Each structure stands twice: as C-alpha cells, then as structure tokens.
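1. got a structure for you, letters missing:
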C-alpha cells in the first residue's frame, strides 16, 4: 500500500488538474450557450439548443473518442490531456448552460419588468437585479456538476491520459493486486467527492430556506 | 470533408447492422441494470427512512459511497477486484456491468425516492397513523401512490443517464454499442466515422426518451399547481 499510494496520488493530481481545466472551459462555454438560448437571436438560439441537446444526448466517452481518435485520423493529433480537457469541457458546457439558464429563468419576470420600468438599463438590470439572485440558485447544482465532472475524469484513462485510473490499471498489471488498488482508488475519489456533495446539499438547504 | 463522407458511405452497409445490433445490446444492458437498481433503491430508501439508527447509517454510507465513486471504478472492482480475492466469483463482463451499474443506480434512485417521499406533506403521514393505519399501510397506501408521481421525472432522467453510462461498460469489454464501434474502428481504421455513427445512434435512443420525460414533467407540474 505504501508503494501504491504515492503513484495513485500523483494520478489524482492530474485528475484534479484536468477537472479544473474542464471546469473553466465548461463555465465559459456554458455561460455563452445560456445567453444564446435566452437571447433574441433565432440563429444563436437554435445553435445553442442543438449544441446542448446533441451533447446531452451522447455519452461523454463517445465524445472523448471522437475528439481523440477521430480527429487524429483527420490530422489533428491532440495530446491526451488536451483532448481530455477539451472533451470534458465541451461535455460540461451543455449541462452548465442548462443550470445557468434555469437559474436565470427562476428569477421572477416581474423583477426585470420592475427594474426596466424604474429606468434601469437592461445591462444594469441583469447585473444588479437578476444575476445576483440567479447566482445564489445556481451554486448548489454547479457544485453537484463539479462532483460529476470529477468522477467523469476517470473516463480519460481510456484515451491514455495519465490520471488516477490509468496509473491504477498499470499497477494492477504489474502486481495483480486489483482489489487493494481499486479500493484505494475508490477511497481517493470519495475523500474528494463526499465533502463536495455534502457542501452542495448544505448550500441547497440554505438557499431553499432563504427563499 | 469528402475524406469523411466517402468512406462512411462505403462502409455504412457493413457497419450499420452490426452497430444496430450492438445498440440493442446497449438497451438490454440498460434495462437489466435498471431492473436491478429499482428494487435496490426501494430497499435502500426504506432503510434510509427507518426509525432504527444503525440501519439509517448503513443506508447513508451505502448511498454516499456508491454515488461518490465513478462507475468505472465500481465496474473494475467487481470485474477485476472480486475474482482476485474470491476466486469462486467469476462474473462475465455483462453480469459485472449489470451488477455495477445496478448497485450505483440503487443509491441514486434511493435519493430520488427519498425526495419524492419527503415532498409529501408530513400531515398526511401523521393523519394516517392517527387513524390507526400501520406504518406499512401508511407507506404503501398513502405515501407511495403520491410520491411515485413526483419521483417519476427524475427516475426518467436517471434512466437516460444510465443509457449513456452503459458506454463505460465497453471498457470492461461488455457487449454493447461502444465496444462494437471500437472493434470496427480498429479493424477499418475509420475511427471518426464509427464514433460519430455511435454518437448518432446514442442520440436517437436518448433524445426521444428525454423529450418524453420533459413532457411528463410539465404535465405533472401542471397537475400539482392546480
């Protein structure tokens, strides 16, 4: 076990880095998609809707394979870690877009109307009235998405990204101690995912009570 | 672009029947895992809500561990880990995938069922108990008939997620769509075409289901508002 743990933790660090990179990408893309699907432009609306439905309708593993193996065949050979961040980031953008959109839509329409009729510009209405309230509602599902993303990083071992599962599989091939190694892996995931999901449910109760 | 379409059109007649057959295997895997997950979820939620504290704690541990671990790790534990410790357990990849996805699903469904049960006003439970119904009758005749309606849309969403998660079973070589796409991709050297085809097939399985659930959800919320 003393032998396995440092190697696995090294992999866990890569997992965390990939998750962080994908989270940044997914948040940026997700915000853009949410704005498109709430905005007035019909073309942008349809672009965002089809993006969201296509991504949510297909498995993350398939998306990763298209990006990594598929694009390589067309001359775009990405390093595994780049493909992992881009793939999980694109995958997450669709889920986050829906979280952002429903948060914004949950703020009563009357508030926007009231702010506008008080003479506030649409920009300030969004910034000072809608978004601060929407943000509070988005936080719990956002944290839940973070937990999901962390677990999904286990998939990138199959495109040879050197994260925790990848190291675990190599260790098993060397030592045959599959039970010990995979239990350790599970324990490492749990020490991150349980506190995060507890945090999410705590935040959720707090938001629910504030309302 | 021609580089994409020409080989696709040429290969399609050979690939499509195999991929569609594999899609049926994906549906079978999804259905079997779902059938394991639902009764398990019901048992776990009853333990979770039981008045006996050790049972409650056991259920909470189960839920947190199964939901906090990636499905891939669970599958590896069952498929590679178990036989290494108990040599008499020798599950084939399909059974391991069903058991693994079902075990995780049980924990996810238990939480969905719980939020359905807790959404029913506590007064109903108190009223039934006061009227002399047993706790069992209260659950079966009063709470459950109302709770399942609330739980139905999230259960459906879970099923859509499960359908997509079965792709992970390809990593332990369980027969399903992604595994077949991988095999065909490596024998034909056309990864792009085959993985895009696989994605299209997944989409046509999961999107109609998702649309149906959204309609159901709207109808149920509409009923609850009136």
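-> Nice, thanks for sending it over. From a predicted model like this one, the values you see are computed outputs, not experimental measurements.
2. in the chain, which spans are helices?
-> With no chain named, the answer covers chain A. Assigned by DSSP state H, chain A shows helices spanning A:4-38, A:42-56, A:60-65, A:71-73, A:80-106, A:109-117, A:122-124, A:131-152, A:164-175, A:178-210.
3. Chain B is the one I meant
-> For chain B, helices defined by DSSP H occupy the ranges B:2-48, B:53-68, B:71-76, B:82-85, B:93-119, B:122-130, B:135-137, B:144-165, B:177-188, B:191-225.
4. could you check whether the fourth one is close to chain A?
-> Yes. When contact is scored as Cβ under 8 Å from any Cβ of the partner chain, part of helix B:82-85 falls within range of chain A: B:82, B:84, B:85. All C-beta atoms are positioned from the backbone trio N, CA, C, and that covers glycine.
5. List only those of those residues flagged as buried.
-> The neighbour count (16 or more other Cβ atoms under 10 Å in any protein chain shown) marks B:82, B:84 as buried among the residues of helix B:82-85 next to chain A.
6. picking that back up, tabulate the helices of chain A in a markdown table, adding columns for distance to chain B.
-> Listed next are the helices of chain A as a markdown table, based on distance: least, Cβ to the nearest Cβ, whole Å:
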| stretch | distance to chain B |
| --- | --- |
| helix A:4-38 | 10 |
| helix A:42-56 | 6 |
| helix A:60-65 | 5 |
| helix A:71-73 | 5 |
| helix A:80-106 | 10 |
| helix A:109-117 | 17 |
| helix A:122-124 | 29 |
| helix A:131-152 | 4 |
| helix A:164-175 | 6 |
| helix A:178-210 | 4 |
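7. What about residue A:18, how many residues nearby?
-> Close neighbours of residue A:18, defined as other Cβ atoms under 10 Å in any protein chain shown, add up to 25.
8. Return the residues in contact with it.
-> A:81, A:84, A:85, A:88, A:153, A:156, A:161, A:163 (Cβ atoms under 8 Å, 6 or more residues apart in numbering or on different chains).
9. Contacts only, for the fourth one.
-> For residue A:88, the set of contacting residues under the criterion of Cβ under 8 Å, 6+ apart consists of A:18, A:19, A:22, A:26, A:60, A:64, A:149, A:152, A:153, A:156.
10. OK, contacts around the third one?
-> Counting by Cβ under 8 Å, 6+ apart, residue A:22 makes contact with A:84, A:85, A:87, A:88, A:89, A:91, A:92, A:149, A:153.
11. what about it, distance to residue A:29?
-> Separation of residue A:22 from residue A:29 (Cβ to Cβ, to the nearest Å) stands at 10 Å.
12. what is in contact with those two at once?
-> A:89, A:92.
13. quick revisit: is it possible to get TSV of the residues of helix B:82-85 next to chain A that adds distance to residue A:133 and pLDDT?
-> TSV is the format used below for the residues of helix B:82-85 next to chain A (distance: Cβ to Cβ, whole Å; pLDDT from 0 to 100):
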residue	distance to residue A:133	pLDDT
B:82	49	93
B:84	53	89
B:85	52	89
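14. Please tell me I have it right and residue A:83 contacts residue A:69.
-> No. Counting by Cβ atoms under 8 Å, residue A:83 stays clear of residue A:69, with 9.1 Å between them.
15. Tell me which of these two has more neighbours.
-> residue A:83 (24 against 19).
16. List the residues that contact that one.
-> So residue A:83 contacts A:64, A:67, A:68, A:71, A:156, A:159, A:161 (Cβ under 8 Å, 6+ apart).
17. nearest residue to it other than its sequence neighbours?
-> Counting by Cβ to Cβ, 6 or more residues apart in numbering or on different chains, residue A:83 lies nearest to residue A:68, which is 4.2 Å off, once chain neighbours are set aside.
18. ok, now residue B:41?
-> residue B:109 (2.9 Å).
19. still on that earlier bit, select from the contacts of residue A:88 the one having the most neighbours.
-> Neighbour max across the contacts of residue A:88 (other Cβ under 10 Å) = residue A:156, 29 neighbours.
20. contacting residues around it?
-> Contacts for residue A:156 were tallied using Cβ under 8 Å, 6+ apart; they are A:18, A:64, A:80, A:83, A:84, A:87, A:88, A:163, A:166.
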